[in-house]
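When you get a sec, could you give me coordinates for this:
(2 chains)
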Amino acid sequence: MVESLLDILRSNAKESPENMARLLGVDVTEVENAIARLEDEGIIRGWQAIINEDLVPHDSVTAVIEVRVTPERDGGFNRIAEEVSRFEETEAVYLMSGAYDLLLFVSGKTLLSVARFVSEKLSTIRGIVSTATHFRLKTYKQNNVLMAKPQDDKRLVVSP
Amino acid sequence: MDPHAYLARHIVDLPKSGIREFFDIVSTRTGVVSLAIGEPDFDSPWHIREAAAKSLDKGCTHYTGNAGLIELRTAIADYVHTNFGGTYDPATEILITVGASEGLDIALRAILNPGDEVLYHEPCFVSYGPEIAMAHGVPVPVETRVEDNFRLSIEALEAKVTPRTKALMLNFPNNPTGAVLERADVEAIAAFAIRHNLIVISDEIYAEMTWGGKKHVSFASIPELRDRLILHHGYSKSWAMTGFRMAYVCAPKWMMDTILKIHQYAIMCAPTTSQYAALEAMRHPAEDMKPMLQAYEQRRNFLRAAFTEAGIPMHTPAGAFYAFPQIAKFGLTSREFAVRLLDAENVAVVPGTAFGACGEGFVRCSYATGLEQLKEAVTRIARFVKTL
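The predicted model follows:
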């Protein structure tokens, strides 16, 4: 049940407990208890809207930053990753396989503010070897949601 | 000119499709929330569309053999063996058709002589009676009842079988009721067919769509039936490939030779592009279907709960993507209910009578519809029935 519940929440976190109960064929209290448990266990870490930032009338830029790090004898990448995560500019931080180690999603009001974050905060951390910054130009899809409006249903309205 | 003097009487005399009539009413309106659509709301999986496009790029635009690509038939033989339990020789016992509708048509034409009777259950897919009549057979409907969860009973079959009965035509999981058969039902129906020396035409197009832990039991899993079974399955529903018009017939060689003859003269071969799409569909069937099946089952649960809360009785559909709620208690005929619901709330459902006279008192609600649409539809239906 939990897996199906998480699937429903992934596609619509605002789904009412009553509807989730109907979809899963269980009692509404069972759904509420499961969600409370998932929050307690830290599996559900928060509730947010998926926003098409391109349509929001404010100035902001988002960058994806590839970071190469020298791992430490104790804890590997964790100390640096956690330190980077604490910056309010970082929206997401991932440890990656491949040519670089950490992948950061960073947002700021202007290009300059992101550049300053990279040069003054990020690059000065001991253990960070190099960074490569890419600015996001347009979002087409996010959290499995297309930013374009869905097309009309192409099916006949009545069919056998 | 008098149409009866020039046109084929047995076709002119066919009733118009109830679905068609209702389509004409619904299509005059805009903004309709439709639960009247008998096809998946999902697009065909991307890799299947891609394979179809690639086949065009490569110039695979020629005829295939009459029976279809041998690679596809071989893949189908494996699939049917694994999932249905039947063993068919891809070289001589499998035929690729233009949708299951063509398969049903040519199967009937291959076996019927004028006046032969064919038993089929109602409610059923709209084409069954007309297809039998078009093949010069006599359609003999056998009622299934909500009390039996719309499963086909041997008593009802025994009451309608005569010495002229040639075949029995079935569709489980069922459109429009969502009924499925248990193994005991399948065994009993197979025994009935053998007892009366009938051919069984089994349309198992919704085979993969069973809910609540139920598993589809195919007539192909009964070895004693093999020599008299014509099995139909296809890609439209489970792979969401309706527009490709891809299905197949499995039958023993002694029947297939004759079935193939009609296909060969009437169709030549199924569209090549679609056959390449179907071949691709055989690569990861379980993976392709999983997200769709999961969505359908949740929507079924949702509809069942929502109708119960709205005070609309409904048997629990165990397969396909249709609910068949019982609206008789509101004092309207199925058609009146559907038309008034459309007028009042702009929601389209199909009157149960489109699927046979015994569908009176029911409407078909397809849940091959996005959840948000479904929610809106049940809110409106609940509001509507309060006014009755």
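
mind listing the helices for the chain?
Just so you know, I chose chain A. A:2-11, A:17-24, A:28-40, A:78-85, A:111-116 (DSSP state H).

Not quite, go with chain B.
Using DSSP H, helices in chain B cover B:3-6, B:9-12, B:18-26, B:46-57, B:70-83, B:99-111, B:128-134, B:154-160, B:183-195, B:253-266, B:272-281, B:285-309, B:334-345, B:371-386.

can you tell if the last one touches chain A?
Yes - figure legend: helix B:371-386 in contact with chain A (CB under 8 Å from any CB of the partner chain); contacting residues B:371, B:375. Backbone N, C-alpha and C define where each C-beta goes, glycine included.

What residues of that helix count as buried?
By 16 or more other CB atoms under 10 Å in any protein chain shown, the buried positions in helix B:371-386 come out as B:371, B:373-378, B:380-382, B:384-385.

is the closest residue to B:E204 other than its chain neighbours in a bridge, and if so with what?
With sequence-adjacent residues excluded and distances taken as CB to CB, 6 or more residues apart in numbering or on different chains, B:E204 is closest to B:H233, at 5.3 Å. Beta-bridge partners recorded for B:H233 (DSSP bridges): B:Y248.

I'd like the helices of chain B as CSV, with mean pLDDT appended.
Shown next, in CSV, are those (pLDDT from 0 to 100):
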stretch, mean pLDDT
helix B:3-6, 84
helix B:9-12, 91
helix B:18-26, 86
helix B:46-57, 98
helix B:70-83, 98
helix B:99-111, 98
helix B:128-134, 97
helix B:154-160, 98
helix B:183-195, 98
helix B:253-266, 98
helix B:272-281, 98
helix B:285-309, 96
helix B:334-345, 96
helix B:371-386, 97
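
Distance check, the closest residue in space to B:L181 that isn't next to it in sequence against B:P317.
Among residues not flanking B:L181 along the chain, B:F172 sits closest, at 4.6 Å (CB to CB, 6+ apart). Separation of B:F172 from B:P317 (CB to CB, to the nearest Å) stands at 12 Å.

Contact residues of chain A facing chain B?
A:4, A:7-8, A:12, A:19, A:21-25, A:153, A:155-160.

run the last query once more with 10 Å
A:3-4, A:7-8, A:11-12, A:15-16, A:18-26, A:150-151, A:153-160 (CB under 10 Å from any CB of the partner chain).

Can you tell me which of the residues you listed are classed as buried?
A:4, A:8, A:15, A:19-26, A:155-160.

Who does the most centrally placed residue in chain A form a beta bridge with?
Centroid-nearest residue in chain A, with CA atoms, centre = their mean: A:A92, separated by 6.2 Å. Beta bridges link A:A92 to A:F105, judged by DSSP bridges.

Contacts only, for it.
The neighbourhood of A:A92, defined by CB atoms under 10 Å, 6 or more residues apart in numbering or on different chains, consists of A:64, A:85, A:103-107.

And for A:A132?
By CB under 10 Å, 6+ apart, the residues touching A:A132 are A:64-68, A:99-100, A:118.

Let's see that with 7 Å instead.
A:65-66 (CB atoms under 7 Å, 6 or more residues apart in numbering or on different chains).

need the residues of the stretch 201-350 of chain B near chain A, please.
B:298, B:301-302, B:305-306, B:348, B:350 (CB under 7 Å from any CB of the partner chain).

about what we covered before: adding mean pLDDT, write the helices of chain A out as JSON lines.
What follows is the helices of chain A, written out as JSON lines (pLDDT from 0 to 100):
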{"stretch": "helix A:2-11", "mean pLDDT": "94"}
{"stretch": "helix A:17-24", "mean pLDDT": "96"}
{"stretch": "helix A:28-40", "mean pLDDT": "97"}
{"stretch": "helix A:78-85", "mean pLDDT": "96"}
{"stretch": "helix A:111-116", "mean pLDDT": "95"}
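
Just say which of the ones you listed is most tucked in.
Scoring those by mean neighbour count under mean count of other CB atoms under 10 Å in any protein chain shown gives helix A:17-24 as the most buried, with a mean of 20.

how about the helices of chain A, which one is nearest A:Y140?
helix A:2-11 (18.1 Å; CB to CB).

can you list the domains in chain A?
A:2-40, A:58-136 (automatic domain parsing).

a markdown table for the ones you listed, including distance to B:N66?
Formatted as a markdown table, these follow (distance: least, CB to CB, whole Å):
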| stretch | distance to B:N66 |
| --- | --- |
| domain A:2-40 | 44 |
| domain A:58-136 | 52 |
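
Out of the ones you listed, the one nearest B:L112 is which?
Comparing the domains of chain A by CB to CB, domain A:2-40 comes nearest, at 43.4 Å.

Pass me the low-pLDDT residue ranges in chain A, would you?
Counting by pLDDT under 70, chain A shows no low-confidence range.

A:T62 versus A:L137, what's the distance?
From A:L137 to A:T62 the distance is 10 Å (CB to CB).

more neighbours, these two?
For A:L137 versus A:T62, neighbours defined as other CB atoms under 10 Å in any protein chain shown are more numerous around A:T62 (16 against 8).

What's opposite that one in the beta bridge?
A:S107.

what residues are up against it?
Counted by CB under 7 Å, 6+ apart, A:T62 has contacts A:105, A:107, A:136.

May I have stretch B:94-104 exported as CSV, CA atoms only?
Only the C-alpha atoms of stretch B:94-104 are listed here, as CSV (Å, rounded to 0.1, in the frame of the first residue of the first chain):
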residue,chain,number,x,y,z
ILE,B,94,-1.5,-17.6,-35.8
LEU,B,95,-2.8,-14.8,-38.0
ILE,B,96,-2.3,-11.1,-37.6
THR,B,97,-5.5,-9.1,-38.1
VAL,B,98,-6.7,-5.5,-38.4
GLY,B,99,-8.0,-5.3,-34.8
ALA,B,100,-9.8,-8.0,-33.0
SER,B,101,-13.0,-6.9,-34.9
GLU,B,102,-11.6,-8.3,-38.1
GLY,B,103,-10.5,-11.5,-36.4
LEU,B,104,-14.0,-12.0,-35.0
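
B:E147: which of the domains of chain A is closest?
domain A:2-40 (22.8 Å).

mind checking the end-to-end distance for the closest one?
End-to-end span of domain A:2-40 (CA to CA, to the nearest Å): 14 Å.
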